[in-house]
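K.L.:
could you look at this predicted model? Sequence included:
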Amino acid sequence: MAPKLKRDYEKLCGVKFYDTYGLTETTFFSSEVPNSKRNKSSVGKVFDSCQVKVLDKRGFKLEKGQEGEIAVKTPY
């Protein structure tokens, strides 16, 4: 969500939005950020019950810092 749209909507509705990774992407929350450690460029740490990898186009795991597709495995 664009930062200005996010701020405007939060103000209009009186709510806060937090970036996470889950539900629409995985049908299950897979990460969280404690309120005291919010960072605009992060969706937080992966839950202990989940596994996350970044894969190349052939499905092979990439190293940290490389771009690829995010693959999430949940207990469900």
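P.N.:
In hand now; what should we look at?
K.L.:
can you name the element that comes right after the lowest-mean-pLDDT helix or strand in the chain?
P.N.:
Lowest on mean pLDDT, DSSP states H and E among the helices and strands of the chain sits strand 31-32, with a mean of 64. Toward the C-terminus, strand 31-32 is succeeded by strand 45-46 as the next helix or strand (DSSP states H and E).
K.L.:
what are the boundaries of the strands in the chain?
P.N.:
31-32, 45-46, 51-55, 69-73 (DSSP state E).
K.L.:
for those, give me a markdown table that also has mean neighbour count and distance to Cys13.
P.N.:
C-betas here are computed from N, CA, C, even on glycine. As requested, the strands of the chain are exported to a markdown table (neighbours: other Cβ atoms under 10 Å; distance: least, Cβ to Cβ, whole Å):
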| stretch | mean neighbour count | distance to Cys13 |
| --- | --- | --- |
| strand 31-32 | 16 | 22 |
| strand 45-46 | 14 | 27 |
| strand 51-55 | 14 | 30 |
| strand 69-73 | 13 | 29 |
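K.L.:
could I get those strands as CSV with distance to Leu62?
P.N.:
Converted to CSV, the strands of the chain look like this (distance: least, Cβ to Cβ, whole Å):
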stretch, distance to Leu62
strand 31-32, 18
strand 45-46, 16
strand 51-55, 5
strand 69-73, 9
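K.L.:
of all these, which one is nearest Lys61?
P.N.:
strand 51-55 (5.1 Å; Cβ to Cβ).
K.L.:
the inter-axis angle of that closest one versus strand 69-73?
P.N.:
With axes from the mean of the first three to the mean of the last three Cα atoms, to 10 degrees as the basis, strand 51-55 and strand 69-73 are set at 160 degrees to each other.
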